[in-house]
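Enquirer: generate a structure from the sequence data that follows.
(chains A and B)
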Protein chains: 2
Amino acid sequence: MSETTPHWLTKRADLSPDKKAIEFEDGSSITYLELFHRSQSYARKLGKLGFRQGDHIAILSTNCAEMIQIIYACSYLGAVAVLLNTKLTINELNQQLLDSDAKVIITSESFKASEFVLQRMDYNELESVTEDTSIITLKSEIYFDDIFTMMYTSGTTGFPKAVQQTFGNHWWSATSSALNLGLHDNDKWLIPLPLFHVSGLSTMLKSVIYGMPIYVLEKFEVEKVHNAIMDRKVTIVSVVTVMVQRLIKRLGNHHYPNDFRCMLLGGGPAPKSLLEQAKLKNIPVFQSYGMTETSSQIVTLTPEDALKKIGSAGKPLFPAQLKIAHNENNPNQIGEILVKGPMVTKGYYKRAETNKEVFENNWLHTGDMGYLDEQGYLYVVDRRNDLIISGGENIYPSEIENVLVQIEGIEEAGVKGSPNEEWGMVPIAFIVCSRPISENEIAAHLEKYLAKYKRPKEIHVVNELPRNAANKLVRHNLGK
Amino acid sequence: MSETTPHWLTKRADLSPDKKAIEFEDGSSITYLELFHRSQSYARKLGKLGFRQGDHIAILSTNCAEMIQIIYACSYLGAVAVLLNTKLTINELNQQLLDSDAKVIITSESFKASEFVLQRMDYNELESVTEDTSIITLKSEIYFDDIFTMMYTSGTTGFPKAVQQTFGNHWWSATSSALNLGLHDNDKWLIPLPLFHVSGLSTMLKSVIYGMPIYVLEKFEVEKVHNAIMDRKVTIVSVVTVMVQRLIKRLGNHHYPNDFRCMLLGGGPAPKSLLEQAKLKNIPVFQSYGMTETSSQIVTLTPEDALKKIGSAGKPLFPAQLKIAHNENNPNQIGEILVKGPMVTKGYYKRAETNKEVFENNWLHTGDMGYLDEQGYLYVVDRRNDLIISGGENIYPSEIENVLVQIEGIEEAGVKGSPNEEWGMVPIAFIVCSRPISENEIAAHLEKYLAKYKRPKEIHVVNELPRNAANKLVRHNLGK
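Expert: Purely as a prediction, here's the structure:
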């Protein structure tokens, strides 16, 4: 039987009504009671508009109060919130809107695009709807098996697919993290990452589950994050590697306050030199490994082990399990990483075939390659499917390759990551052409179908792509 | 589907092998890795003796390392640990052994009684069994729906019945408490209460789930508890009201160290004068309400609210719900307390009829009476079935009455609690006799069938018992 709890926000508003829930950049904040009232108000407005339990509601927004309230409004309706990446092109967005079976897309005012394939409302329009308390009954309880959110990732095929995250997945992610990091009265968690990514969303939910204020930035800016840690009593921040570098540079000869206790690092292992700098400055960097499918980090390395286990992502969180495929008792031997635990998604939306392939007795095949050392610490060797992590965003080569070969005259395309000082990695492309194609023509096509961060920073015309005996593209040999 | 996690102790031994798990009075301690090895060793010995998954194994012991290891051994076997109260008479114990379908009773050496109705082993005998790794496979995972422990309570009928506690119940109790009290690196929880009660057992499990050392006393002694807080870096202690009084007296003009952050108080509301003394001395008393059926406290009052809400037990923990029967929207109106949540037992062992009566859509009828004030704080007015809480032990009048009327010549009996400085409450009895009966005859009978703490401190012979129109005994009118 699915676990049941009171609705998290209702409960938190009862336990800690006047406590600060969210702080914003402009110095404003809202309490749990306010968050509760505003979220329920949006739920009633959505109900008035005809949206009901089980409906899919897409949300396209940079971080702001309304976005948070509408996500919670979905939970009160029993609707699924489909969280979209604001960096996507209209073509990418429409593909996801159709695939997700969303009934409406709700956006902040800045997204004026009229080309959405379905009804669009902005926050003002939704705000202006009259509430009607008689139409629907808002949820007072949460059922752990119900789907709460969906987020798109691409993976092997290059076609984005939606990861379904249940309330249970999010609950377990939050409590697993608390068992790992502890839970202090004075905790305040900074979110400089988008709420449409699992890192941001999971912290937003921790706020309500823990009764812990969060400080939400619209986007990462080194100066704002630095100031938040120095002056706004932030104790924990989630970051990606590229941010750590900039923050350490910005910190200069100063030190963070003693209460600052965790810099939770996702998106690939940090280089040794960076960890040594962090140690020198007493910055408590926790490396981690996770993905949208695990509802946030599932493996973490403590600062005590950071330099002893350079390059390791640590050990799986208390309720989680991890193994290397076909290799359970051989330390140091590389294989595919499998994970299991109550924070792991039950599957992709409408992808029965894929789900059959990637799940085996509740173990998820991550597609990532790695090994465990003698003490059971995880080392991730290759992210799945040649995944390129660029400034914290996941880029799948196959997705870019698919878009490139749509151009008439490009016969084959191969994409790989190339080291970049600012972003960690950037995608670069290799193409085989049957006619001369201008750079402008390619750029115009990519602009239409790919978010900027996904567009290759270099495009090389070559005679052939490196392939193995089975004729499979060997991406790491591109350009060699 | 039932949630699954890695076995908690195996996982903890992997994450924190060398961390201190348990400290004992003699200054000795064991690490998580040692606890893991010893528990698995006992599991293999039990396996060698023929015990298997699903078997019920009774444990009769005061607090000690072996007791803890054998409880964990049961979890590795998949056996149910039946935890028995050491204060019971042999008759009471045998009744529970038979009712619980236990296959063996394991005791510390001090219990030499040869009158047990089934096979008895002491720790030495079990220790001397040769291990055999080939016979059974120990559990590597924990399924939340599986029963882990059983404990007896009496309740309405006066006949003890076993509360079944699943792994899930215990997990939720532990994580709910962490969400309420927080989780600090330096936490160390003192257990001066028996591990065969849910308060002690739940803290023992928190140790492994949190990775937090516990300091286990064989039994409550004011001097030892005082010294543990003063000198052994204990940060949290579970107590009952009578202990708080003695501890405050012992503390005198001194103060506890700053790191001591929680005195978790169960077993009935504390008197106002006691709370005021505690406040004066800066003692962080958390009042709570809970029972064996809720796997430990389910409602807690924070110290900030302690004096504002004198007599209240607080608000239900984050994943828990509470309501007053037939009275959801009327503050201050008394009714039966109903609770719901994933820490609430799924039912009593072999008591289908009772379970049907006390559960209603997953809400448990506690039998306790109380009300909620305008802010939703719980006030317990009457413990269920005139429950008498004496020095932290639950005493059910009906159980004592049943034993009294077994004496030929005692026609009716009524028992109620009487205030007592040392124990909070003690039971006193009123009997209607058809022949003269000597005090000695009654005492001899009670000694045989009732644990000492349950035996009435006064016995009054009366002509009739106070009864209401329905001829039901009105216990609070006894002696009036």
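Enquirer: so where do the helices sit in the stretch 101-250 of chain A?
Expert: Along the stretch 101-250 of chain A, the stretches classed as helices by DSSP state H, counting those that start in this stretch are A:123-127, A:167-181, A:198-206, A:222-231, A:241-251.
Enquirer: how about the shortest one: buried residues?
Expert: Taking 16 or more other CB atoms under 10 Å in any protein chain shown as the basis for neighbour counts, the residues of helix A:123-127 that come out buried are A:123, A:126. Any C-beta I mention is one placed from the backbone N, CA and C, and that applies to glycine too.
Enquirer: next, the contact list for residue A:262, please.
Expert: Taking CB atoms under 8 Å, 6 or more residues apart in numbering or on different chains as the definition of contact, the neighbours of residue A:262 are A:181, A:235, A:236, A:237, A:284, A:286.
Enquirer: now the helices of the stretch 101-250 of chain A as CSV including distance to residue B:190?
Expert: CSV is the format used below for the helices of the stretch 101-250 of chain A (distance: least, CB to CB, whole Å):
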stretch, distance to residue B:190
helix A:123-127, 52
helix A:167-181, 21
helix A:198-206, 29
helix A:222-231, 36
helix A:241-251, 40
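Enquirer: residues contacting the nearest residue to residue A:279 once chain neighbours are set aside?
Expert: With CB to CB, 6 or more residues apart in numbering or on different chains as the criterion, residue A:279 has its nearest non-adjacent residue at 6.0 Å, and that residue is residue A:307. Remark: with contacts taken as CB under 8 Å, 6+ apart, residue A:307 is in contact with A:275, A:276, A:279.
Enquirer: list only those of these flagged as buried.
Expert: Judged by 16+ other CB under 10 Å, buried ones among the contacts of residue A:307: residue A:275.
Enquirer: which ones among the contacts of residue A:307 are found in helices?
Expert: The helices, defined by DSSP state H, take in A:275, A:276, A:279 from the contacts of residue A:307.
Enquirer: between these, which sits nearest residue A:112?
Expert: Within the ones in helices among the contacts of residue A:307, proximity to residue A:112 (CB to CB) peaks at residue A:275, which comes in at 43.7 Å.
Enquirer: tell me the pLDDT at the closest one?
Expert: With respect to pLDDT, residue A:275 has a value of 86.
Enquirer: now it: closest residue in space that isn't a chain neighbour?
Expert: Spatial nearest neighbour of residue A:275, excluding adjacent residues (CB to CB, 6+ apart): residue A:306 at 5.5 Å.
Enquirer: contacts only, for that neighbour.
Expert: Taking CB under 8 Å, 6+ apart as the contact definition, residue A:306 lies against A:275, A:278, A:279, A:285, A:286, A:287.
Enquirer: now do 7 Å
Expert: By CB atoms under 7 Å, 6 or more residues apart in numbering or on different chains, the contact set of residue A:306 is A:275, A:279, A:285, A:287.
Enquirer: report the rounded mean pLDDT for stretch A:107-121.
Expert: Per-residue pLDDT over stretch A:107-121 has a mean of 87.
Enquirer: which other residues reach it?
Expert: With CB under 7 Å, 6+ apart as the test, stretch A:107-121 has contacts from A:60-62, A:64, A:66, A:90, A:94, A:97-98, A:102, A:104-106, A:122-124.
Enquirer: for chain B, what's its nearest residue on the stretch 251-400 of chain A.
Expert: Closest approach of the stretch 251-400 of chain A to chain B (CB to the nearest CB) occurs at residue A:319, with a separation of 4.3 Å.
Enquirer: element containing the residue of the stretch 1-150 of chain A found nearest chain B?
Expert: Residue nearest to chain B within the stretch 1-150 of chain A: residue A:5 (4.3 Å; CB to the nearest CB). Using DSSP states H and E, residue A:5 sits within strand A:4-6.
Enquirer: residues contacting residue A:48?
Expert: Counting by CB under 7 Å, 6+ apart, the residues that residue A:48 touches are A:129, A:130, A:131, A:132, A:135.
Enquirer: in JSON lines: these, plus neighbour count.
Expert: Conversion of the contacts of residue A:48 to JSON lines gives the following (neighbours: other CB atoms under 10 Å in any protein chain shown):
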{"residue": "A:129", "neighbour count": "16"}
{"residue": "A:130", "neighbour count": "7"}
{"residue": "A:131", "neighbour count": "14"}
{"residue": "A:132", "neighbour count": "12"}
{"residue": "A:135", "neighbour count": "12"}
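Enquirer: out of those, which one sits closest to residue A:50?
Expert: Relative to residue A:50, the closest of the contacts of residue A:48 is residue A:135; by CB to CB it sits at 8.9 Å.
Enquirer: find the nearest non-adjacent residue to the closest one, please.
Expert: Leaving aside its sequence neighbours, residue A:135 is closest to residue A:47 (4.9 Å, by CB to CB, 6+ apart).
Enquirer: buried sites along the helix or strand harbouring the one you found?
Expert: For residue A:47, the enclosing helix or strand under DSSP H and E is helix A:32-48. Along helix A:32-48, the positions that meet the burial threshold by neighbour count (16+ other CB under 10 Å) are A:32-36, A:38-48.
Enquirer: about what we covered before: what would the contacts of residue A:48 look like in JSON lines with distance to residue B:255 and pLDDT?
Expert: As requested, these are exported to JSON lines (distance: CB to CB, whole Å; pLDDT from 0 to 100):
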{"residue": "A:129", "distance to residue B:255": "57", "pLDDT": "96"}
{"residue": "A:130", "distance to residue B:255": "58", "pLDDT": "93"}
{"residue": "A:131", "distance to residue B:255": "53", "pLDDT": "89"}
{"residue": "A:132", "distance to residue B:255": "57", "pLDDT": "81"}
{"residue": "A:135", "distance to residue B:255": "57", "pLDDT": "80"}
